[in-house]
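J.: got a sequence here, can you build the structure:
(2 chains)
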Amino acid sequence: MKGRKLSRRDVLQGAATLAAGAVFASPVRAQAPEPVAITPSLVEAAKKEGKLILYSSMDLPVGEKLGKAFEAAYPGVGVQIERSGSERLFQRIDQEFGSGIRAADVINTSDASHIITWKRNKWLAPFVSEDMARHFLPAYRDPDGMSATSRIYLSSIAYNTNLVKPEDAPKSFSDLLDPKWSGKMVKGHPAYSGTIMTATFQLVRELGWEYMEKLSKQRVMQVQSSTDPPKKLSLGERAVMADGNEYGVVLLKEAGQPVEPIYPTEGAPTISGPTAIFASAPHPNAARLFQAWLHTRETQQFFTDFTAQHSVHAQVQSKPGRRKISDIKLMKEDAEGVEKMAEEIKTRYARLFRV
Amino acid sequence: MTTITITAAEPKKSRFDFTRPVLWLFAAFMIVLIVLPMSWLAVFAFTDKARSPTLQNFVTLFTDPAFLDPLLTTAIIATTSALICCLVAAPIGWLVSRTDMPGRQTIRALVTASFVTPPFLGAVAWELLAAPNSGLLNQLYRYLTGAEDPLFDIYSLTGLIFVISCYTFPFVFVLVANALDNMPGELEDASAILGGKAWTTARRVTIPLALPALVAGALIAFLQAMTLFGSPAILALPAGFHTMTTKIWSLFQYPPKLELAAAAAVPLLVLTILLLQGQKFLLGRRGFSVVGGKYGAPRQVEMKGWRWAALAFCLIVLLNPVFLPYFALLNAAFSPNATTLVTPSTATLHNIVFVFTELSSTQLALKNTVILGASTATIGTLLALVVAYVTTRRVIASHRILGFLATAPVAVPGIVLGVGLFLSYTRPPFVLYGTLWILLLAFLTINLPSAYQQLQAAFATIHPELEDASRILGATRLQSLWQITAPLLRTGVIATWCFIFIGVMRELSAAIVLFTSQTKVLSVLIYDLNESGDLAAISVLGIAMLMITFAVVLAVNRIPVFGGGAAARLRNS
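T.: Numbers count the residues shown, from 1 in each chain, chains lettered A, B, ... in the order given. Model prediction:
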């Protein structure tokens, strides 16, 4: 039991340390604030504010379910979720801050490099909950307390079991270049989705732009969000998903849809989803309450169970029957690398895929 | 009555006419409304980031295939859509207006239904129907023939042109049917009496008389197809190509390239203005003079045995914008996975429950949309009313300018206006971005031209002598307007109100640039849901949106003060 858990954490750490180290590297000495517990006075203050606005890139039904769970835990504090792809949220926040609009309280992004920019702009508020301080490895929280990793998940490939026999299914990213998949694949867009941006960075790093170039010649159906390819796959609109949320595939499979995830032999791109509070949050106490609640063991366990994503909370167990992340070959995340390369990825990708 | 006679005896100069300052205020408002965003657009298009003058944006634009391809694609889409719209709308317009085809009112109502359907919703519905593998029609085709390859691929240039045409042809239909409705029967009678056969009469009289309306319709269809954002965003991107509107939208991606977006808007603007000028030149002085006036009723052609064939033709055409898409949306709303045919045992209320109890932005978007729809329709109708009054009655010297300002936004595509408004109102002195006001301004501007044209036509039918009589008897301008003109105008006013309300529900291209989380509208919510592939949720929201639109339009038509009959008028205006 202990050994299994350790190895899971080792893998997670291996996957994310580099990323987190880069994200949270700061010239100033770490100065996270004192950990905060969920106290009756915090709850009272949050109830006075009445609601909070969460900008999130999570799959919509998943995010809304999370919001409803919070509302059930703290009646009187409503959650309004503004769901969009992380890259679009990033652009929207830039646009809103540029115009003096402070609408967002909390953000959960799927492109960890965004935290670097927002932190540099001094747009984030430090906040550390007791659970974060006790049960999150330093690699998964900002040394200054500006964010914490709320979820870890994969971008995988997958196939529709009605359209492809298991033995014919692709096993690796390079298998996708086989002409037999031409016109049969669907994928997300890195200028829209943070998941796809992060995954594209890792793919380009491991396989080179040549891979992307060859893939672009395969007449791939181009959708926007990384949450869309699993849905197109389950509709049978395309036989194979070239990238997209692995958790979406797992959830659809568990719901009886004809989809099957594949963990590519090259490794599956790993994505961490950090959550942060904006310094300008119009509902600061509700934001703190939500941030603390989201990272409690109970919420993280609940979140892991119903979303098929992974938690870095030390006490959270993976749901029985699901594939453990420690058994999957992963690609390493590197948020700083993504930050440096984001614009190049958008430009080159648009040139290759023509949209 | 006595008092009026007494006041009439007083010298007129002693009373200050309040109308003038009010009219000038309106003029100033319109200048801000239209000139300000266009000026900012020009500034950004012709300067660099430091705001020093440059033409570099245009050089980038016209040397990069990434911009030229969308421009060409857009031209192809707009031309072919306009052509298809004319080919479909002209015969249906003729059948409905000039023949004894059965069910003519029903056909008109169905065309109205396609007009009320937002084009982006139609595009999603056609995804459900004709996505190459999962589309319902392709599933049916495979089931029936055992074929492997799909029959339709909606994610293609052809697919996009088809879907755009579905929701653009009502514009052409309305113009053609109106012209045919109002065409004097005497001219055709004369041709017939002089021995002209049916075809000769059609060729020498009817078609030339209807041609201006058809050309105007083609032009409107071209502009609509060129400036749509939703349908191309939903269908062109999966197919791997851009149109100008989606390209401009993509320039807003981080880091935003506002200068390029402004510059990319210029070709659309120039093309629109050229087209409008071209229409003026083509039609010249001939054209509308015979339309209207007191002539005999138009001739009705007896179709005899062809009556039912004609009806069948209309219904088959209307399968595409109305029956099939509505069916697909209804099916998806109750289906566990959007493109599985619902049976009593698989039907689920899950999607409806999700949209109305779990989706946290539903209520806000519904509220914003209805508020914006009602307020834009009310303010827009008032504004158009005043401008139409001023221009038809030539109340102030500069009435022409006012008329021009009210028509000018026709030349500004929604997404271009969105960019202009974004540039104008995200910086001091007017920071309106983030409020509903900026959306109100956008929707007002977009809807003003058609509202103005409708009300101008309505004013033209009321002879000024009626108002003059009232004023001679001592009423002020406002009194005579209220007592004499207003009651005569009410059907026109109510039709205009409905027209703008529907216009707001349909609008996505400006809203997509201007919304924030607190000012989200239904069209934007639906667009977002499409990006994350939540097709069933879209279907539920879309049906709700259609029901709201129909309910509001019907309710407004039943307000007793305004009298009935406006719905019939709306279909024709």
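
J.: which non-adjacent residue is nearest A:A148?
T.: A:R141 (4.4 Å; Cβ to Cβ, 6 or more residues apart in numbering or on different chains). For glycine as for every other residue, the C-beta is placed from the backbone atoms N, C-alpha and C.

J.: ditto for A:Y153
T.: Nearest residue to A:Y153, sequence neighbours excluded (Cβ to Cβ, 6+ apart): A:Q309, at 4.3 Å.

J.: show me what contacts that neighbour?
T.: Residues in contact with A:Q309 (Cβ atoms under 8 Å, 6 or more residues apart in numbering or on different chains) are A:151-153, A:247, A:273, A:303.

J.: what parts of the stretch 1-150 of chain A come near chain B?
T.: Counting by Cβ under 8 Å from any Cβ of the partner chain, the residues of the stretch 1-150 of chain A lying close to chain B are A:53, A:55, A:59-61, A:64-65, A:67-68, A:78-85, A:87-88, A:90-92, A:94-96, A:98-101, A:103-104.

J.: of these, select the buried ones using a ChimeraX command.
T.: Listed next is the ChimeraX selection for buried residues among those, using 16 or more other Cβ atoms under 10 Å in any protein chain shown:
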select /A:53,55,59,60,61,64,65,67,78,79,80,81,82,83,84,85,87,88,90,91,92,94,95,96,99,101,103,104
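
J.: narrow the residues of the stretch 1-150 of chain A next to chain B to those in strands?
T.: A:53, A:55, A:78-83 (DSSP state E).

J.: closest one of these to B:P449?
T.: Set against B:P449, the nearest of these by Cβ to Cβ is A:E82 (33.2 Å).

J.: need the contact list for the residue nearest to that closest one when sequence neighbours are not counted.
T.: Spatial nearest neighbour of A:E82, excluding adjacent residues (Cβ to Cβ, 6+ apart): B:S517 at 4.2 Å. Residues counted as contacts of B:S517 (Cβ under 8 Å, 6+ apart) are A:53, A:55, A:80, A:82, A:103-104, B:361.

J.: give me the secondary structure label for A:K231.
T.: helix (DSSP: H, G, I helix; E, B strand; the rest coil).

J.: how many neighbours does residue 311 have?
T.: All of this is about chain A. Other residues lying near A:S311 total 27 when counted by other Cβ atoms under 10 Å in any protein chain shown.

J.: other chain: chain B
T.: Other residues within reach of B:L311, judged by other Cβ under 10 Å, total 19.

J.: helix, strand or coil for it?
T.: From three-state DSSP, the assignment for B:L311 is helix.

J.: any idea how far it is from B:G103?
T.: Note on B:L311: its distance to B:G103, by Cβ to Cβ, to the nearest Å, is 6 Å.

J.: repeat for B:V524
T.: Using Cβ to Cβ, B:V524 is found at 37 Å from B:G103.

J.: of these two, which one has the most company?
T.: Applying other Cβ under 10 Å to B:V524 and B:G103 shows that B:V524 carries more neighbours, namely 23 against 16.

J.: who touches that one in this structure?
T.: Taking Cβ under 8 Å, 6+ apart, one finds B:365, B:508, B:511-512, B:515 in contact with B:V524.

J.: please apply the same query to B:Y155.
T.: Per Cβ under 8 Å, 6+ apart, neighbours of B:Y155: A:221, B:131-132, B:235, B:238-239.

J.: please indicate which of the residues you listed has the highest neighbour count?
T.: Neighbour counts for these peak at B:A131, which has 30 neighbours (criterion: other Cβ under 10 Å).

J.: circling back to that earlier point, just the closest of the contacts of B:V524 to chain A, please.
T.: Comparing the contacts of B:V524 against chain A with Cβ to the nearest Cβ places B:F515 closest, at 9.2 Å.

J.: show me the contacts for the closest one.
T.: B:F515 touches B:439, B:521, B:524, counting by Cβ under 8 Å, 6+ apart.

J.: what do you get for B:I107?
T.: B:92, B:95-96, B:101, B:311, B:314-315, B:318.

J.: from B:E302, how far out is it?
T.: 18 Å.

J.: part of a helix, is A:Q301?
T.: Yes - assessed by three-state DSSP, A:Q301 belongs to a helix.

J.: which one of the contacts of B:F515 is nearest chain A?
T.: Out of the contacts of B:F515, the member with the shortest distance to chain A (by Cβ to the nearest Cβ) is B:V524, at 10.1 Å.

J.: now the strands for chain A?
T.: A:51-56, A:78-83, A:106-108, A:124-125, A:147-154, A:157-160, A:185-187, A:221-222, A:240-241, A:259-262, A:270-278.

J.: nearest to B:G159, of the ones you listed?
T.: strand A:221-222 (12.9 Å).

J.: is that closest one positioned near chain B?
T.: Yes - Strand A:221-222 reaches chain B (Cβ under 8 Å from any Cβ) through A:221-222.

J.: hmm, who's touching that strand?
T.: Outside strand A:221-222, the residues within contact range by Cβ under 8 Å, 6+ apart are A:185-187, A:189, A:232, A:237-238, A:353, A:355, B:155, B:237-238, B:240.

J.: try 6 Å
T.: A:186, A:238, A:353, A:355, B:237-238, B:240 (Cβ atoms under 6 Å, 6 or more residues apart in numbering or on different chains).

J.: of all pairs in these, which one spans the longest distance?
T.: The largest separation in the contacts of strand A:221-222, counting by Cβ to Cβ, is between A:R238 and A:V355 at 16.1 Å.

J.: of those two, who's got more company?
T.: Neighbour comparison, A:R238 and A:V355: the larger count goes to A:R238, with 27 against 21 (by other Cβ under 10 Å).
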